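Trainee: Sequence and predicted model, in that order:
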Amino acid sequence: MDKNVQANYELAKELYAAHGINVDQVLEQLEKIKVSMHCWQGDDVKGFLNRDQDLTGGISVTGNYPGAAQTPEQLRADLEKAFSLIPGKHKVNLHAIYADTDEKVEIDKLEPKHFQKWVDWSKEQGLGLDFNPTCFSHEKSKDGFTLSHSDAEIRQFWIDHCKASRKIGAYFGEQLGQTCVTNIWVPDGFKDVPADRMAPRQRLKDSLDEVFAEELNPAYNLDAIESKLFGLGSEAYVVGSHEFYMGYGIQNNKLICLDSGHFHPTEVISNKLSSLALFADGILLHVSRPMRWDSDHVVTLDDELIDIGRELVRGDLLGKTHIGLDFFDASINRVAAWVIGTRNTIKAILRAMLDPVEALKKAELEGDYTTRLALTEEFKSYPFGAIWDYYCASKNVPVREEWLAEVKAYEQEVLLKR
């Protein structure tokens, strides 16, 4: 390890220790945190089952940076490169359209065997897998409705797809020894104001009841449901609103997914965590960075990400929260996007762990808001970066921006030759 990194770490440890913060214990705790890195950043949400299908469901990827993965092998190679630059052991989040099979199969007929290569690879890499049914970019979703469709035959198709997805998720969990979170999101909604808001939601509820009818071992698979405020083409009404899924999730013991881009522009998910945690068995986060709308920009270490980390730590929510990423940017190197977003997410959690939480809570309880504000502000300039550098070095990944040179070399040697 570089002697300066080690020396800076020792000095930083002393500063934090003066406030009762054991940095070594913090890093042991941080190492247990798994971030679920989304595969779809690597190929612009195309997948491998129907690569010629246009994106639908309000999803849009902009940019044409060279080097997008064209095959499962390329995507796994890109993921390996990204993980080699990120400290810790984490998970990969797959969508159903990323099945790796030579068999021509419709998505309602998918089975675990169609993902066996992903399972074998994950075992080799020491990674977990999460899963999502793909309820978009399909001939039977082109009119904007899936699980709430008024056509019973089309609705059943999507029900069967979600059922199949849950079984695949359970297989992942059983094979890898890490619980798989299978998250359901559907784009269903109207572009203009509907005459009937109730009927589609009743159909969605009935569909979910059928999807979840079979009990699966929660050690292998946990079900999650994800809301959205609006989408392109569903600006006036989304069937699966936050209120709908919050009610359904609490009533049916499902994880409730909070996506940082799926709410009003003035809403933040950091402020929702403590409320939801009191009533929900678990929470799934999809950490993104919306700009103007749910545009899924690469996660930066901004105020909201820092606040998400703080809420998870100060509310003791890390044990019941599953952290995943959801962004797609084709205007920059896709491997770099993964590295930047994932490293920032881990940084936010580390930074929160290094706050003087007990001292802040004590001051607040005693009405000493002066101390609360003073400590909060002073700790913003504490040397958390020295702790982060040491953590990266101790996990044999590049310190600071050194990782960028490796990505640039990979771009020249691999990505630009595709």
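Mentor: Yep, it's here. Residues are numbered from 1 along each chain as shown.

Trainee: so where do the strands sit in the stretch 301-418 of the chain?
Mentor: With DSSP state E, counting those that start in this stretch, the ranges of strands along the stretch 301-418 of the chain come out as 321-325.

Trainee: Check the chain too.
Mentor: Here the chain has its strands, by DSSP state E, at 35-38, 91-95, 128-132, 180-184, 189-190, 221-226, 237-238, 255-259, 283-287, 289-291, 293-297, 321-325.

Trainee: out of these, which comes closest to Glu311?
Mentor: Smallest distance to Glu311 across these (Cβ to Cβ): 9.3 Å, for strand 321-325. In short, each C-beta sits where N, CA and C put it, glycine included.

Trainee: Each with direction, which strands does the closest one pair with?
Mentor: Paired neighbours of strand 321-325 in the sheet (DSSP bridges): strand 35-38 (parallel), strand 283-287 (parallel).

Trainee: how far is stretch 200-216 from where the chain is centred?
Mentor: The chain centre lies 23 Å from the centre of stretch 200-216; the measure is Cα atoms, centre = their mean, to the nearest Å.

Trainee: weakest of the strands of the chain by average pLDDT?
Mentor: With a mean of 83, strand 293-297 has the lowest mean pLDDT of the strands of the chain.

Trainee: Nearest to the spatial middle of this structure, which residue is it?
Mentor: Gly324 (1.9 Å; Cα atoms, centre = their mean).

Trainee: Can you give me the distance of that one to Gln74?
Mentor: To Gln74, Gly324 is 22 Å away according to Cβ to Cβ, to the nearest Å.

Trainee: Let me have the strands of the chain in CSV, adding distance to Thr101 as columns.
Mentor: Formatted as CSV, these follow (distance: least, Cβ to Cβ, whole Å):
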stretch, distance to Thr101
strand 35-38, 21
strand 91-95, 13
strand 128-132, 15
strand 180-184, 19
strand 189-190, 32
strand 221-226, 21
strand 237-238, 32
strand 255-259, 27
strand 283-287, 27
strand 289-291, 33
strand 293-297, 27
strand 321-325, 24
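
Trainee: Any idea which of those gets closest to Glu214?
Mentor: Across the strands of the chain, Glu214 has its closest neighbour in strand 221-226 (10.5 Å, Cβ to Cβ).

Trainee: Figure out how far the closest one is from the centre of its chain.
Mentor: On the basis of Cα atoms, centre = their mean, strand 221-226 sits 13 Å off its chain's mean C-alpha point.

Trainee: Listing partners with orientation, what would you give for that strand?
Mentor: The sheet places strand 221-226 alongside strand 180-184 (parallel), strand 255-259 (parallel), with pairing taken from DSSP bridges.

Trainee: which residues are contacting it?
Mentor: Contact with strand 221-226 is made by 166, 169-170, 172-173, 179-185, 208, 212, 216, 240, 245, 248-249, 254-257, 259, 262, 282, 284, 286, 322, as judged by Cβ atoms under 8 Å, 6 or more residues apart in numbering.

Trainee: would you list every one of the helices in the chain?
Mentor: Taking DSSP state H to define them, one finds helices in the chain at 3-17, 23-31, 72-83, 116-125, 152-176, 198-211, 242-252, 273-277, 303-314, 334-353, 357-365, 369-378, 384-394, 402-413.

Trainee: export those to a markdown table and tack on distance to Glu226?
Mentor: What follows is the helices of the chain, written out as a markdown table (distance: least, Cβ to Cβ, whole Å):
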| stretch | distance to Glu226 |
| --- | --- |
| helix 3-17 | 37 |
| helix 23-31 | 26 |
| helix 72-83 | 23 |
| helix 116-125 | 22 |
| helix 152-176 | 12 |
| helix 198-211 | 12 |
| helix 242-252 | 7 |
| helix 273-277 | 13 |
| helix 303-314 | 16 |
| helix 334-353 | 18 |
| helix 357-365 | 30 |
| helix 369-378 | 32 |
| helix 384-394 | 30 |
| helix 402-413 | 30 |
